[in-house]
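Trainee: fold the following.
(2 chains)
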Amino acid sequence: MRLKSTTGAALAVAALLATGACVSQDANEASSDSALSGSGAGADCTIDETVKIGAVFSLTEAAAFAGAYQQEGLALGFEELNAAGGITYEVIQEDDKTTVEDSVAAFEKLINRDKVSAIVGPTLSNMAFTTYTDAQSAGVPALGVSTTAEGIPEIGDYIFRASLPEEVALAASIPAAKESLGLTKVAVLYDSADEFTTSAFNTIKDVLNEEGIEIVAEETFETADTDFAAQLTNVLEAEPDAVILSALPGATVPLVKQARSLGIEAPIVGGNAFNSPVLVGALEDAAEGLIVGGAWSAAADTTGNAEFIAAYTEKYGRAPDQFAAQAYTAAYLIDQAIRADCDANREAIKDNLGQILEYDSILGPISIDEEGEVHQEPVVQIVRDGAFTLL
Amino acid sequence: MLQQLANGVFAGSIYALFAIGFTLVFGVLRHLNLAHPAVFTAGAFVGIEVAARTAIPVWILLPVVALFGALAGVLVERIAFRPLRGRDDEHFAGLISSVALGGIVIALLQARYGTEPQSFAMDYFPDRLFEVAGVRVTLTQLVTLGLALVLMVGLAWLVSATPLGRSMRAVAENPTAAKVLGVNVGRVTAGTYALSSALGTVAGALLALNLGQAGRDLGASIELVGFAVIILGGLGSLWGAMAAGVVLGIAEALTIHLFDSTWKSMVAFALLFAVLVLRPRGLFGHVKVREV
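Mentor: Presented below is the predicted three-dimensional model:
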């Protein structure tokens, strides 16, 4: 925590009070189950009782593009862990239909009825802000795999995330693109109706400033827009060296296609939304030269990545994307947290998730700090000959 | 600036195509068919699937899509409107049942195509870029605009100069009198829906071709603008819908050019509001609200 010294004392008192409140709440819950703590440690840990893990993803409606991959990635991760033995996991999957109401209902069910040890999800930060306060007050550890908005881990000590924020990904791709393409002036396009892309835009501006790159056009659109000809005309007239785009996947495909067909040939730099084989497939030739910052790359030589891609592709008949990779990693992170004390109770998982240090995952070495925030190196990729390659 | 005007005209031609199908049904039958956006979306998906399966060129594809649309239109009338005919709340009930039918259509699309957006293959309609007097236009945009004009003029001719058009105008004037005079009202109703939905599906397929992809929310994204176009043009007026589509398209493009996309909807709906206050019958509406 970064605190100013003047307010430090007051906040420390507040923090103490808050901790006290949590402890008494936990005592009320008293959900510790001795059957969930096993014998042995680390890789040799065995727990007799089946460990129930809840998963809440947007499997239908607006965010289904991500949720479906997350469900599959998470299921694959736990399947492998079950095969490895020692601990048996049961994933209880819920669909929040991309609405806050259903997300809250799903958390409620998993926490009170299914009595899960931990919850993975939800897909969108908008829902996490509500559901995570429920998880926090019930004392159930929650691990977000795509909840990248600012302020999520700050909700409480039971809240964690293994999802690289958009701004970190984009901030890494800009210097890389500058170095390889020699950018001096760029156009920035972003979705002004979405929190996630707007906050990324602010970071982009800062990074561009630091790098001494001039912004010659700054254009916005809204999440539901389908026609971008007017904005792209402004971009075209500004003649940028590159276009930096912060958009959700829904708008990305039509936007890039329209940009190419209107004659914008400059490279396009994007964030998490670009990081999907579906997107590259849908864009076909228009995808060539896209520069993408993200949490995971199919081309990265990280531990187990090739095996993950092979297993996923065989099981589901399509290549994984970043959402699948992050959810898959979440399964292993939870497993790590449980094996640390060989204890699958909510309290133990909460204590150990925040202690994960440089765990060697398919995303590369990944750490989660005590505040619940993820730390990992973003990867920067470029699309060449229809496939992602590291830049 | 000229480029932005051109952008507006292209966007507007799609709005107009969407809106004339909708306004035709209202003009003739006084039905507000809220399943129209779903049929529009279905047109895009069907177009993409037929193109992927058969690789037929676009000038055969669009008539195929129109045929599908005509069938869909007849079904919409049979399912959502005909069973309610003669009830006191016929119009209101039809509005609700068409909302329900629209929901069913979208659910069917999801069952068949999943939740991911579908796209035309990149090489399906190779796009070329033309530059005329400093304005860049793509071949797809030109085809869209040309087709929109042809379809609109064709529809206007059909309504004013053919026997079906005459029957439609008769039904619009007074269905009971038309029936007494020997007009087959059932057939005119079905024909109106078939025409309306054929236009809607073609507009959907054209929009998908322009955007590069279609999602299940394609219709919903244009629905509100489409309604604004209809009101702006004068409910039930074909020429009004065409003109208003272009006006709204240009207003949106200029807003983005001069201000920011955030203001786009505000300008569009402020325009709508102003027209409603200053000219309650819309730009082209006459004293008699209903016409074809």
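Trainee: list the buried residues in the helix or strand hosting residue B:46.
Mentor: Element membership of residue B:46 [criterion: DSSP states H and E] is helix B:36-54. Across helix B:36-54, burial judged by 16 or more other Cβ atoms under 10 Å in any protein chain shown covers B:36-48, B:50-51. Every C-beta, even on glycine, is put in place using the N, C-alpha and C of the backbone.
Trainee: helices along chain A, start to end?
Mentor: Using DSSP state H, the helices of chain A run over A:5-29, A:64-84, A:100-108, A:125-138, A:166-181, A:195-211, A:229-238, A:249-261, A:277-283, A:305-316, A:322-341, A:346-353.
Trainee: pLDDT score for residue A:9?
Mentor: Looking at residue A:9, its pLDDT reads 50.
Trainee: swap in residue B:286?
Mentor: For residue B:286, the pLDDT comes out at 56.
Trainee: if we can go back for a sec, what is the nearest of the buried residues of helix B:36-54 to residue B:280?
Mentor: residue B:36 (23.5 Å; Cβ to Cβ).
Trainee: test my guess that the closest one contacts residue B:196.
Mentor: Yes: with contact defined as Cβ atoms under 8 Å, residue B:36 reaches residue B:196; the gap is 7.2 Å.
Trainee: need the overlap of contacts for those two.
Mentor: B:21, B:22, B:25 (Cβ atoms under 8 Å, 6 or more residues apart in numbering or on different chains).
Trainee: what about residue A:84, distance to chain B?
Mentor: In this view, residue A:84 and chain B are 32 Å apart by Cβ to the nearest Cβ, to the nearest Å.
Trainee: oops, could you answer that again for residue A:130 instead?
Mentor: Note on residue A:130: its distance to chain B, by Cβ to the nearest Cβ, is 23 Å.
Trainee: in contact with that residue, which residues?
Mentor: Residues near residue A:130 by Cβ under 8 Å, 6+ apart: A:100, A:103, A:104.
Trainee: quick revisit: can you name the next helix or strand after the helix holding residue B:46?
Mentor: Sequence order places helix B:58-76 as the next helix or strand after helix B:36-54, per DSSP H and E.
Trainee: measure the residue lying farthest from the centre of chain B to chain A for me?
Mentor: Relative to the centre of chain B, the most outlying C-alpha is that of residue B:180, 31.7 Å out, by Cα atoms, centre = their mean. Counting by Cβ to the nearest Cβ, the gap from residue B:180 to chain A is 47 Å.
Trainee: does residue B:58 touch residue B:125 like I think?
Mentor: Yes: here residue B:58 reaches residue B:125: they are 5.4 Å apart, a contact under Cβ under 8 Å.
Trainee: tell me, what's touching the two both at once?
Mentor: Listed contacts common to residue B:58 and residue B:125 are residue B:209; contacts here mean Cβ under 8 Å, 6+ apart.
Trainee: nearest residue to residue A:355 other than its sequence neighbours?
Mentor: The spatial neighbour of residue A:355 that comes closest, neighbours along the chain excluded (Cβ to Cβ, 6 or more residues apart in numbering or on different chains), is residue A:340 at 6.9 Å.
Trainee: how far away is the one you found from chain B?
Mentor: Counting by Cβ to the nearest Cβ - residue A:340 and chain B are separated by 37 Å.
Trainee: give me the pLDDT for that residue.
Mentor: Residue A:340 is assigned 93 on the pLDDT scale.
Trainee: could you report the neighbour count for the closest residue to chain B within the stretch 1-150 of chain A?
Mentor: With Cβ to the nearest Cβ, the shortest gap between the stretch 1-150 of chain A and chain B falls at residue A:64, namely 3.7 Å. Counted by other Cβ atoms under 10 Å in any protein chain shown, the residues lying close to residue A:64 total 22.
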